[in-house]
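> need coordinates for the following:
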Amino acid sequence: MTTRECVANRIIELCRERNMTINGLARLSALPPSTLKNIVNGVSQNPGIVTIKKLCDGLEITLIEFFDTPEFKALEQEIQ
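Numbering: from 1, shown residues only. Next comes the predicted model:
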């Protein structure tokens, strides 16, 4: 799994946990719905940390909580 896929999966997981749509999360996070849809659908290859921070703020979680999952911990180094 790639970093991009982990980010997309985490967003979907957090929305499911909160019974929230992508559009609902976009509203809470003050982000355009298209930005989140592009991340989730793999169009955006590199979602920036500022975008992820806005998501976390909207969800009232920390960046640490966002990235503290087995999937992120299992990622292999992408620079060789």
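
> quick one, phi psi at residue 63?
Dihedral pair for residue 63: phi -60, psi -40, per degrees, to the nearest 10.

> check which helix or strand covers the spatially closest residue to it that is not a sequence neighbour.
Once flanking residues are discounted, residue 63 sits nearest to residue 56: 5.6 Å by C-beta to C-beta, 6 or more residues apart in numbering. In this view, the C-beta of every residue, glycine as well, is placed from N, C-alpha and C. Secondary structure assignment for residue 56, by DSSP states H and E: helix 49-59.

> can you list the buried residues in that helix?
Buried residues in helix 49-59, counting neighbours by 16 or more other C-beta atoms under 10 Å, are found at 51, 52, 54, 55, 56, 58, 59.

> starting at the chain centroid, how far to the helix or strand following it?
Under the assignment DSSP H and E, the closest C-terminal helix or strand after helix 49-59 is helix 63-67. Mean-position distance between helix 63-67 and its chain equals 10 Å (C-alpha atoms, centre = their mean, to the nearest Å).

> then stretch 9-28?
For stretch 9-28, the distance to the chain centre is 9 Å (C-alpha atoms, centre = their mean).
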